[in-house]
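[1] here's my sequence, what's the structure:
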Amino acid sequence: MSRSRPTSLSLSRRDLRFLLHEWLRIEQLGSRPRYAGQTADVYDHVLDLAERLADDLFAPHLRISDLNEPVIENGEVVLPSQVRDALTAFSEASFMGISIDEELGGMQLPLVLATAVSAWFHAANTSTAAYAMLTTAAANLLIATGSEELVRRWVPPLVEGRFFGTMCLTEPQAGSSLADITTRAEPCAGGAYRLFGTKMWISGAEHEIPENIVHMVLAKTPDAPSGVRGISLFVVPRFLMSPDGTVGERNDVLLAGLNHKMGFRGTVNGALNLGEGAYLPGGEVGAVGYLVGQPHQGLSYMFRMMNEARIAVGVAATAVGYTGYLKSLAYALERPQGRVGNRSPTSPQVPIIEHADVRRMLLTQKAYVEGGLALVLFCGRLQDDVWSLGSEAEREDAELLLEILTPIAKSWPSQWCLAANSLAIQVHGGYGYSREYDVEQHYRDNRLNPIHEGTHGIQAIDLVRRKISFREGRAFEKLCLAIRVTISRGEEQGGEPRTLARLLNDAVAKLEAVTTHVRSTSQSDAVLANATAYLEATGHIVVAWMWLEQFLVAQHGNEAFYEGKRQAARFFFRYELPRIGPLLDRVNELDRTALDMDVGWF
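    Next up is the predicted model:
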């Protein structure tokens, strides 16, 4: 049995080469006008640079950031110096604008490649990578919804990495219920607004790394209708900008305090008070903000950033699960313990990978993280199709598929790649529960991903309430059609591909029947009670699809890598896909067990 150790313990370059070039064939994008002239060599060079920076500058301070979480000293948030060094190198490599248009200072590379690059940095150090993810998302939001003036003023410094970005949605009293936010925006001279209120759980809220921080803030104007229909979006910078484009006076944005987290500690997270009078920009109280787009459309605008962030969370969750898998694999190859077959105490101990249950745990991790990586890269490729396909019909098809996959791409890796991190600890045994090895930190870091940018339950509600009915159900139909195209390819090839294809076909047929029932029922409370089960089942079917795609590409390869791909696919179909049956049965019954649990019975 081959026992070759992975060359990098962050991510597998061999797996990325397989997914990007052998499966998704991203070099074909170079024939489209948006990516004209780009080649496989260019893409590989970019990945080479990402791998080097991630392993050399991000990974080394993984533990340092965990043990030295942000603190406030003399009114400033203090971070380890290595965080600044890593993000400076990241920006100088132009990664902040990797997929942004060249005319705005970006590299205009495919998003599928940018997704792979992002995975390297999240695998190496997800807390530091989060600053970059938020900044790119803020720039993309402004490009999509902001006026020409807002884009001209704020996007170039974001793309350059001189400014960082944040999302300011929730408030202490509102949580995920954005209809209940109370931050107000009052019109003032010059077309700007003055904002007053408190925002909570703001990642990247306050620190000294960039020249400025650009907060994307949801608030309500005085004439706003009630609920989410009255929400507007504003750019609220930490520092105002002078007419000549230099950083000016401090805005009335005050850090109210830091949140101390279980993991993900290297990313500053805190509450921001707007308009407390701690600073007086222009001599007046109130944080100066600039309206983005039209009034009362802020939530729909912010959903652009949120959807991007949700897929980015799936990328991060996959990456952190992946590095945990590689580190537990390396440990299992080296750690001697016990014996197999010859149990004489005089015989040498064997590496723990020789034990069947350890192989089971490693194979489970492999099935989760490689399935998750395929899913998030596929979503990146879909976005490239939306941006670059020639016909409107083709672009719309890609958009429909991406729409319905977004909650799955966020939640499935957040659940199952976290489970992979738990198994990585288990492979290490007692050592895994100690701080001597990274795997316990990876679990703590990854535990945030089922929570932020919309909890697991919120993604489930989004899927059953909105996505399966999106555009009269066309998004769901497009998903089933895309899966069946792969099934047909498997059927045509016969043998094992046909066997796997038929298993997936049965699963899709069951999902279609249950979805029809869910869409037709008037029992909305029962649908919501079973939404998470529906999301988990749909996610497993989608990842089984990703594994069938990989199996079809890998089926004729003779090297160990392809053997491992085929075996992981078999494992997922035999041990994971069968999970959907009981889940969909409960959904189809509109089971009321949770609903009928009286509050007093808890």
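
[2] which stretches of this structure have low pLDDT?
    For the chain, the stretches with pLDDT under 70 are 1-6.

[3] how about the strands in this structure?
    71-73, 76-78, 163-168, 184-187, 193-203, 212-220, 231-237, 239-241, 247-250, 253-258, 269-274, 287-291 (DSSP state E).

[4] so what's the residue count around the closest residue to V159 other than its chain neighbours?
    Take V159 and drop its neighbours on the chain: the residue closest to it by CB to CB, 6 or more residues apart in numbering is G97, 3.7 Å away. In this view, the C-beta of every residue, glycine as well, is placed from N, C-alpha and C. For G97, the number of neighbouring residues by other CB atoms under 10 Å comes to 26.

[5] what's near enough to touch G97?
    Neighbour list for G97: 104-107, 136, 139, 159-160 [criterion: CB atoms under 8 Å, 6 or more residues apart in numbering].

[6] quick one on the thing from earlier: which one of the strands of the chain lies closest to R474?
    Closest approach to R474 among the strands of the chain (CB to CB): strand 231-237, 27.5 Å.

[7] so how far is the closest one from its chain's centroid?
    Here strand 231-237 shows a centroid-to-chain-centroid distance of 23 Å under the convention CA atoms, centre = their mean, to the nearest Å.

[8] might one say that Q493 is in contact with L552?
    Yes. The criterion here is CB atoms under 8 Å, and Q493 meets it with L552 at 7.2 Å.

[9] more neighbours: the two, which one.
    Between Q493 and L552, counting by other CB under 10 Å, L552 is the more crowded of the two (18 against 14).

[10] look up how far G282 lies from P157.
    21 Å (CB to CB, to the nearest Å).

[11] those two: which is more packed in?
    Taking other CB under 10 Å, P157 and G282 do not tie; P157 has more neighbours (21 against 16).

[12] between the strands of the chain, which one is nearest to R395?
    Each of the strands of the chain was scored for nearness to R395 using CB to CB, and the closest is strand 231-237 (25.2 Å).

[13] quick one, domains of the protein?
    Per automatic domain parsing, the structural domains of the chain span 165-296, 457-594.

[14] as CSV, these with distance to L363 would be great.
    Compiled in CSV, the domains of the chain are given as follows (distance: least, CB to CB, whole Å):
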stretch, distance to L363
domain 165-296, 26
domain 457-594, 5
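
[15] which of those sits closest to R310?
    Checking these against R310 by CB to CB gives domain 457-594 as the closest, at 7.5 Å.

[16] quick one: end-to-end distance for the closest one.
    Using CA to CA, to the nearest Å, the end-to-end distance of domain 457-594 comes to 14 Å.

[17] thinking again about what came up before, in JSON lines: the strands of the chain, plus distance to H517 and mean neighbour count.
    JSON lines is the format used below for these (distance: least, CB to CB, whole Å; neighbours: other CB atoms under 10 Å):
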{"stretch": "strand 71-73", "distance to H517": "53", "mean neighbour count": "10"}
{"stretch": "strand 76-78", "distance to H517": "51", "mean neighbour count": "14"}
{"stretch": "strand 163-168", "distance to H517": "36", "mean neighbour count": "26"}
{"stretch": "strand 184-187", "distance to H517": "44", "mean neighbour count": "19"}
{"stretch": "strand 193-203", "distance to H517": "37", "mean neighbour count": "22"}
{"stretch": "strand 212-220", "distance to H517": "36", "mean neighbour count": "26"}
{"stretch": "strand 231-237", "distance to H517": "34", "mean neighbour count": "25"}
{"stretch": "strand 239-241", "distance to H517": "55", "mean neighbour count": "18"}
{"stretch": "strand 247-250", "distance to H517": "57", "mean neighbour count": "15"}
{"stretch": "strand 253-258", "distance to H517": "47", "mean neighbour count": "19"}
{"stretch": "strand 269-274", "distance to H517": "41", "mean neighbour count": "22"}
{"stretch": "strand 287-291", "distance to H517": "44", "mean neighbour count": "25"}
